[in-house]
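>>> This is a predicted model, with the sequence first.
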Amino acid sequence: MSILWKITCQEDKFPGMWQRWYKNQCVAVGWAAQWGYKLDGKTKGGRGWSAARNALKEMQVGDYVVVALKGHRIGRLGQITYKLIDDDLWNPLVPIGIEYPEGQMGRRVEVRWDLMVGPSNQDLVVQMPQDSTFSIGELRPTVSQIRSLSLEDLKAVMNNPENWVSLLGKFRYESTLADYIANYPNHLEDGFLPHPHLKTRERVFQNSKRLDVLLMDKENRAVIVECKQHAPVNDDIVQLRRYMNLFYEETGEMPRGILVHGGPQKISNQVISVAREYPAVEIVSYVLEVRFRPLV
């Protein structure tokens with residue numbers, strides 16, 4: 001019976017590493033080439049390397065590997081075709097340089113990506129829903145066996161387009177997203193304009209709380225926009241609704257409330273239920289796109 005494994009891809013440390021794995025049809029771990037040897041009875045590299053090495057040895061051709069990315073996201077699912085983990089087969093994906101004299105990410109496990117599972121666009125990855133994330137014990141090691149989800153359950157999560165998100169298509173800071181909406185409110189909804197009588201960005205209430213963006217719709221109704229990078233949770237709804245009630249207390253007008261987030265389109269039924277309570281909160285996800293045009 002095939003076993004399901006997870007290998008963490010260090011995109012934050014080695015930008016573009018996931019794309020290298022995808023192109024080379026492999027996953028890989030680091031630790032310098034000579035760390036596999038024992039010195040004075042101890043294997044250089046510490047517990048992390050020992051745990052990873054043991055897991056690599058247990059992997060078998062035919063087992064499955066899922067690529068874990070930061071923020072409870074996953075790349076692709078692949079089936080192991082060959083292992084290159086011996087010290088004399090060090091084949092680094094990070095080129096040799098001053099910082100890495102022997103390169104990095106050189107212990108490869110060759111895989112065949114299952115292109116029928118997950119998004120067809122390699123720039124998209126899968127955001128794991130809150131009820132389907134890996135356990136802490138599975139996430140912490142660089143390499144680990146997955147027992148919290150079956151292979152079929154994982155495939156079902158990966159095949160749901162509502163869980164697909166862009167690998168890098170997010171505003172880095174919520175304040176940047178808020179600035180964009182304040183400058184281009186009509187991109188959020190046709191007819192939106194900055195509020196003409198009150199401060200548009202970070203208006204401060206009498207209790208010192210401050211909202212993200214204050215707009216006006218085409219019916220001349222105030223709109224409070226709250227920006228989040230992650231998928232919305234109940235606390236986000238409660239926070240926005242608090243701002244809406246404060247606005248009502250100070251102006252006598254109940255505004256619309258819109259929560260804009262950069263997480264996956266799929267959100268929990270519980271969050272949807274809370275958002276529908278009075279005063280209702282609208283939830284909108286955004287997709288960041290960049291277009292290049294040559295000038296010469």
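Ah, there it is.
>>> give me every residue that touches residue 52.
By Cβ atoms under 8 Å, 6 or more residues apart in numbering, the residues touching residue 52 are 29, 31, 141-143. For glycine as for every other residue, the C-beta is placed from the backbone atoms N, C-alpha and C.
>>> Reformat those residues as CSV; add pLDDT, distance to residue 181 and neighbour count.
CSV is the format used below for these (pLDDT from 0 to 100; distance: Cβ to Cβ, whole Å; neighbours: other Cβ atoms under 10 Å):
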residue, pLDDT, distance to residue 181, neighbour count
29, 87, 41, 22
31, 73, 44, 21
141, 90, 40, 16
142, 91, 38, 19
143, 92, 41, 23
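>>> Grab the two from those that are most spread out in space.
Of all pairs drawn from the contacts of residue 52, the greatest distance, 13.1 Å, lies between 31 and 141 (Cβ to Cβ).
>>> what do these two both touch?
Overlap between the neighbourhoods of residue 31 and residue 141 consists of 48, 52, taking contacts as Cβ under 8 Å, 6+ apart.
>>> How about residue 29: which residues does it bridge to?
Residue 29 has the following beta-bridge partners by DSSP bridges: residue 107.
>>> Give me the longest strand you can find in this structure.
Once the chain is assigned using DSSP state E, the strand that runs over the most residues is strand 73-84.
>>> The stretch 1-150 of the chain: strands as residue ranges?
Assigned by DSSP state E, counting those that start in this stretch, the strands in the stretch 1-150 of the chain fall at 4-8, 26-29, 38-39, 42-43, 64-69, 73-84, 107-113, 124-127, 143-145.
>>> shouldn't residue 30 be in contact with residue 108?
No. Counting by Cβ atoms under 8 Å, residue 30 sits too far from residue 108 to count as a contact (11.0 Å).
>>> circling back to that earlier point, the strands of the stretch 1-150 of the chain into a markdown table, with extra columns for distance to residue 197?
As requested, the strands of the stretch 1-150 of the chain are arranged in a markdown table below (distance: least, Cβ to Cβ, whole Å):
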| stretch | distance to residue 197 |
| --- | --- |
| strand 4-8 | 50 |
| strand 26-29 | 56 |
| strand 38-39 | 72 |
| strand 42-43 | 68 |
| strand 64-69 | 44 |
| strand 73-84 | 42 |
| strand 107-113 | 55 |
| strand 124-127 | 39 |
| strand 143-145 | 56 |
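>>> could you pull out the strands for the stretch 151-296 of the chain?
164-166, 193-194, 213-216, 222-228, 256-261, 281-285.
>>> Which of the ones you listed sits closest to residue 1?
Across the strands of the stretch 151-296 of the chain, the minimum distance to residue 1, taken as Cβ to Cβ, is reached by strand 164-166, at 29.0 Å.
>>> ok, that closest one: who's next to it in the sheet?
Sheet neighbours of strand 164-166, with direction, are listed as strand 124-127 (antiparallel) (DSSP bridges).
>>> which stretch in the strands of the stretch 1-150 of the chain is the model least sure about?
Among these, strand 38-39 carries the lowest mean pLDDT, at a mean of 48.
>>> Would you mind listing where the stretch 101-250 of the chain has pLDDT under the threshold?
Confidence mapping of the stretch 101-250 of the chain against pLDDT under 70 gives the ranges 168-173.
>>> mind redoing it with 80?
Counting by pLDDT under 80, the stretch 101-250 of the chain contains low-confidence ranges at 121-123, 166-175, 197-200, 202-204, 230.
>>> Surely residue 76 touches residue 67?
Yes. Contact between residue 76 and residue 67 holds when scored by Cβ under 8 Å: they sit 5.6 Å apart.
>>> Look at residue 15 and say how many residues are nearby.
The number of residues packed near residue 15 is 10, by other Cβ atoms under 10 Å.
>>> Can you give me the neighbour number for the closest residue to residue 253 other than its chain neighbours?
Nearest non-adjacent residue to residue 253, counting by Cβ to Cβ, 6 or more residues apart in numbering: residue 222, 5.9 Å away. Residue 222 has 20 neighbours, counted by other Cβ under 10 Å.
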